[in-house]
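S.K.: sequence first, then the predicted structure, then my questions.
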Amino acid sequence: MTAPSYVSLKDFAEGFGDDHDALPAWVHPDATTPVLFEQLGLRYRVEDVLDTVVALQRAERLQDGVYAGPGAMASVYRDVLHASRTLHIAVPPAILAGTGLKAQGCFGTDGRAFLYLSTFFFDPASEGERLYMAGRLCGHIAARQVTANTIYSLLVDHNGLRQIARRGVGPVLDVVLAPMSLGVRLALSRWHRAAEITADRAGMLVCRDVEAAATALMRQSLGKRPDLDVATYLEQRRVNGASPGRWTELLNGSPWTHKRMRAMELFAGSALYAKLTGATVEDPLELDELNRKTTKLLGVS
C-alpha cells in the first residue's frame with residue numbers, strides 16, 4: 001500500500017505520547033500559557049471554535065497551496081520530519097504556498113496544528129535556514145503555545161486570522177472582538193514576544209547553526225537574501241542607537257529582529273544548549289543567567 005502523501009490532522013492529533021503536556025527545558029519562563037487564558041477558562045473552552053475557524057483558514061490556503069509530502073515538495077517535508085523528530089512531537093501537516101515570508105506560521109490548537117510555509121522562503125534557502133524555520137514553527141507545538149497563539153491572533157487581528165473568521169461568522173465578530181484588541185495587546189504582547197524567542201530556540205536546536213538562523217531572520221525581515229553579514233547588521237543597529245519609536249515594541253507581538261539574533265547567540269552560548277545538542281561551549285551561561293539576559297531583551301530598549 002502506498003504511503004499517504006501528507007500528514008493528516010487526525011494523524012497529528014493521535015501522534016502525541018502520554019507526556020505531551022510536559023514543557024521542554026528550553027521554553028522561556030515568560031512563554032508558558034498566559035495566566036489570563038487559564039483564569040478565564042479560555043484555553044480549552046474555545047478550542048472547538050478555533051478548530052472551525054482554522055479549518056476555514058486551512059481550506060482557503062490550500063486553494064493556492066499544496067501539502068508537503070514525499071511526492072510534493074519532498075525536501076521541505078524532510079525538513080519538517082527532521083524538526084519534528086528533534087523536538088519529539090507528532091509530524092504536523094505543512095502547507096506550502098506563494099505567500100509572504102512574514103505570513104509563515106503555525107496555526108490551530110495544541111492538539112490540531114498545521115504549518116503554513118512560503119515557497120519564497122524555502123526555495124532559495126540554505127539547508128540551515130530551512131531547518132531553522134521548520135524548527136521554530138514546530139517549536140510552537142512542542143512548547144504547547146499553539147492554542148494561546150491562535151487566540152491571540154484572533155483577538156488582535158494578527159496574520160489575517162480574524163478576516164478569515166469574519167467571512168465565516170459575519171461582521172458581528174468585530175463587534176465582539178474589536179473592543180478587546182488593545183487590552184489583549186497590552187496584556188499579552190510580552191507573552192507573545194517570549195513565545196517567539198522560545199520558538200527561535202527550537203529552531204536553533206534543529207539547525208544547530210546560529211549564523212544560518214540569523215540569516216533566515218534577516219531574510220524574513222528584508223524580504224530577500226541580504227547583501228551583508230550578521231555582524232554588520234547588528235553593528236548598524238548599535239550605531240543607530242535607540243529612538244522614540246522603540247516604545248512601539250510594548251504592543252508588538254515579536255521582538256525586533258536584532259534582539260532575536262542576540263537572544264539566539266545567548267542560547268547558543270548556554271549550558272542548556274550544550275546539553276541538548278552535545279556542542280562544545282566555552283564558559284557556558286547557566287540557565288538562570290540565560291533567562292535573565294533573555295528577559296532583559298524582551299523589554300523596551
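M.R.: Structure's in. What do you need? Numbers count the residues shown, from 1 in each chain.
S.K.: all contacts plus neighbour counts: C-alpha atoms, from now on.
M.R.: Will do.
S.K.: would you mark the buried spots in stretch 266-280?
M.R.: Buried residues in stretch 266-280, counted by 16 or more other CA atoms under 10 Å: 266-274.
S.K.: and the contacts of that stretch?
M.R.: With contact meaning CA atoms under 8 Å, 6 or more residues apart in numbering, stretch 266-280 is reached by 26, 201, 204-205, 208, 210, 281-287, 290, 293-294.
S.K.: okay, how far is it across it, tip to tip?
M.R.: End-to-end span of stretch 266-280 (CA to CA, to the nearest Å): 14 Å.
S.K.: how distant is that stretch from the center of its chain?
M.R.: Computed by CA atoms, centre = their mean, to the nearest Å, the chain-centroid distance of stretch 266-280 equals 21 Å.
S.K.: any idea of the mean pLDDT for it?
M.R.: In this model, stretch 266-280 has an average pLDDT of 96.
S.K.: that older thread, and which of the buried residues of stretch 266-280 is nearest residue 146?
M.R.: Nearest to residue 146 out of those is residue 267 (CA to CA; 22.3 Å).
S.K.: just the element for the closest one, please.
M.R.: Element membership of residue 267 [criterion: DSSP states H and E] is helix 257-268.
S.K.: alpha carbons of the very next helix or strand once past that helix, as CSV, please.
M.R.: Using DSSP H and E, the next helix or strand after helix 257-268 towards the C-terminus is helix 271-277. Taking C-alpha atoms only, helix 271-277 is exported to CSV below (Å, rounded to 0.1, in the frame of the first residue of the first chain):
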residue,chain,number,x,y,z
ALA,A,271,24.9,25.2,29.2
LEU,A,272,21.4,24.1,28.2
TYR,A,273,22.2,24.3,24.5
ALA,A,274,25.4,22.3,25.1
LYS,A,275,23.5,19.7,27.0
LEU,A,276,20.7,19.4,24.4
THR,A,277,22.9,19.3,21.3
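S.K.: tell me how far the following helix or strand past helix 271-277 lies from the chain's centre.
M.R.: For helix 271-277, the succeeding helix or strand toward the C-terminus, using DSSP H and E, is helix 287-298. With CA atoms, centre = their mean as the basis, helix 287-298 stands 19 Å off its chain's centre.
S.K.: and residue 270, how close does it get to residue 284?
M.R.: 5 Å.
S.K.: could you do residue 291 as well?
M.R.: Taking CA to CA, one finds residue 291 at 13 Å from residue 284.
S.K.: residue 132 too?
M.R.: From residue 132 to residue 284 the distance is 22 Å (CA to CA).
S.K.: could you pull out the helices for the stretch 101-250 of the chain?
M.R.: 119-122, 127-142, 146-156, 161-169, 172-177, 181-207, 210-222, 230-240 (DSSP state H, counting those that start in this stretch).
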